[in-house]
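**Student:** this is the structure alone, sequence omitted:
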């Protein structure tokens, strides 16, 4: 079962907290693994729908990261499709695709850009707790990564 959605499906993939404890990791009631070493407490009240952003921040906490490419262009209405269960970030770390189970995937694309040179193109988004590129920077990142530009509308190209 790749991406469980219903309670019955989630129950099938839950990990016994006792097993987690035996691996030397204090489970503390956690039974759902989001990514390697990152667990979400299913009994904690938090705003749903932002899990991928919070997982991304934890996975690359020692790197310079910002939301960009298709994620930003979609939010700005500049591409014709909305990515579902997938976010795209630029990172000073290595490029990779992190699968986060039922929450989706996080695509990290390496960049050599530094914060000092991008400060006018980045803003902090307190809801997702990440830096967010401007649509202009997101398009530049999309081009630099040699990504498909077919979905970009005239609005972003002007």
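**Tutor:** Everything's here; your move. Remember, it's a predicted structure, so these values are computed and weren't measured experimentally. Numbering: from 1, shown residues only.
**Student:** ends of stretch 80-87, what's the gap?
**Tutor:** Stretch 80-87 has an end-to-end distance of 16 Å (Cα to Cα, to the nearest Å).
**Student:** what residues does that stretch touch?
**Tutor:** For stretch 80-87, the surrounding residues in contact (Cβ atoms under 8 Å, 6 or more residues apart in numbering) are 3, 52-53, 56, 67, 70-71, 74, 103-107, 151, 153. C-beta: built from backbone N, CA, C; applies to glycine.
**Student:** now a ChimeraX select for only the buried ones of those residues.
**Tutor:** Buried subset of those, written as a ChimeraX selection, criterion 16 or more other Cβ atoms under 10 Å:
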select :52,53,56,67,70,71,74,103,104,105,106,107
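**Student:** restricted to helices, list the contacts of stretch 80-87.
**Tutor:** 52-53, 56, 70-71, 74 (DSSP state H).
**Student:** nearest to residue 120 among those?
**Tutor:** Comparing these against residue 120 with Cβ to Cβ picks out residue 71 as the nearest, at 19.7 Å.
**Student:** residues in contact with that closest one?
**Tutor:** 83, 86-89, 138.
**Student:** which of the residues you listed are buried? Put it as a ChimeraX command.
**Tutor:** A single ChimeraX command is used to select the members of the contacts of residue 71 judged buried by 16+ other Cβ under 10 Å:
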select :83,87,88,89,138
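**Student:** show me the helices in this protein, by range?
**Tutor:** Under the criterion DSSP H, the chain contains helices at 7-13, 17-22, 51-59, 69-75, 115-118, 135-144, 154-157.
**Student:** gap between residue 134 and residue 116?
**Tutor:** 16 Å (Cβ to Cβ, to the nearest Å).
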